[in-house]
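**Student:** Show me the folded form of this:
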Amino acid sequence: MLPRLKLSTCAKFVTVLVCLLFHLTSTQLIINVKNQGGDVVQENIFANVTDDTVTLEFQRSDGTLVTQVIDFRNEVQVIKALILGEEERGQSQYQVVCFIFHFPKDSFISSDAMSKLRQKNPSAIRLPEQDLARDNYTMDYNVILQHSGVFSPHVADLCAEAKEATYVRHEDLTVWSINQGIPVTTYLKALRKLPKTKQRSVKNEVADSPKNNIESCTGSKKMWLPCNCHLEICIGWYPCSLKYCKGKGQTKNSYVTYRCGIKTCRKCHLFSYYIKEKEQCMWDE
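**Tutor:** Numbers count the residues shown, from 1 in each chain. As a prediction, the model looks like this:
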């Protein structure tokens, strides 16, 4: 017969077991990154092998809290920005926006590889090895959060505070539809179409601009009218791929390939999206 354990002993055992299981499925790295302005930003990177996700979080120098979640199973990347209000303009509250877009699996190391990374010098200031080109995203839809599971099971919780400000673009729907085998119409049921953006003129030709097209917030003085906001989010440092080296094999003139490190990158994303009032986009001057 097994000995009986006191309640306190059981509680301690359960706590240790939970902590051990969490440690086995989720690991964290803290990285000090120097941005292009010379400031040092602390990134927290979590890898969860069970969910097959990687989460990267940091706070910009302007106070904006950025969370990036990569869902490898669904080829989905979510970037959430919690933006503080500008007190000098009478904004006492913060706002949250979320952007969902396709994520190529080979543009970030896997959650398993990420969970195995260790730091020899945690206090070191990191710089990325490569600065990748900026991607521009024009968002076409609002996501209805209660139906967001069609994209990823992690969207609803992550973007709970962005009920009216979670966005996706049409071209990503096509990619997911092909890769995941889900009809585009299934995605569309979870979305609301956004008003069109007013097109800029090209050379000497004036683009068609119907009355319902929305102007850019940039330079707009009409605080209470809708406009098209722009928000740039840069991930200053992340492991974008693995490095492989060659070594001598067991036989003469033979070689073996083995993993010998990581390559790090910097990536910027410029999001363009519809808002109901210019006041929600005061940074876009």
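
**Student:** At which residues are the strands of the stretch 151-285 of the chain located?
**Tutor:** 166-168, 191-193, 227-248, 255-275 (DSSP state E, counting those that start in this stretch).

**Student:** nearest to I79, of those strands?
**Tutor:** Ranking the strands of the stretch 151-285 of the chain by their distance to I79 (criterion: Cβ to Cβ) puts strand 227-248 first, at 5.5 Å. For glycine as for every other residue, the C-beta is placed from the backbone atoms N, C-alpha and C.

**Student:** Which strands or helices does the closest one pack on?
**Tutor:** strand 26-34, strand 40-48, strand 53-59, strand 65-71, strand 76-83, helix 111-115, strand 255-275 (3 or more Cβ pairs under 8 Å, 6 or more residues apart in numbering; DSSP states H and E).

**Student:** would you list the ones you listed in CSV and tack on distance to L225 and mean pLDDT?
**Tutor:** Shown next, in CSV, are the helices and strands packed on strand 227-248 (distance: least, Cβ to Cβ, whole Å; pLDDT from 0 to 100):
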stretch, distance to L225, mean pLDDT
strand 26-34, 38, 85
strand 40-48, 35, 95
strand 53-59, 31, 97
strand 65-71, 28, 98
strand 76-83, 20, 97
helix 111-115, 44, 93
strand 255-275, 10, 91
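
**Student:** Redo these as TSV? Include distance to S123.
**Tutor:** Output for the helices and strands packed on strand 227-248, formatted as TSV (distance: least, Cβ to Cβ, whole Å):
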stretch	distance to S123
strand 26-34	7
strand 40-48	11
strand 53-59	17
strand 65-71	22
strand 76-83	27
helix 111-115	20
strand 255-275	17
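
**Student:** Would you reformat the ones you listed as CSV and include mean neighbour count?
**Tutor:** Formatted as CSV, these follow (neighbours: other Cβ atoms under 10 Å):
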stretch, mean neighbour count
strand 26-34, 16
strand 40-48, 17
strand 53-59, 20
strand 65-71, 22
strand 76-83, 22
helix 111-115, 19
strand 255-275, 16
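
**Student:** Indicate which one of those is closest to W283.
**Tutor:** Short answer: strand 76-83, nearest of the helices and strands packed on strand 227-248 by Cβ to Cβ, at 7.8 Å.

**Student:** ok, residues contacting that closest one?
**Tutor:** For strand 76-83, the surrounding residues in contact (Cβ atoms under 8 Å, 6 or more residues apart in numbering) are 64-71, 94-103, 151-152, 154-155, 158-159, 161-162, 176, 231, 233, 269, 283.
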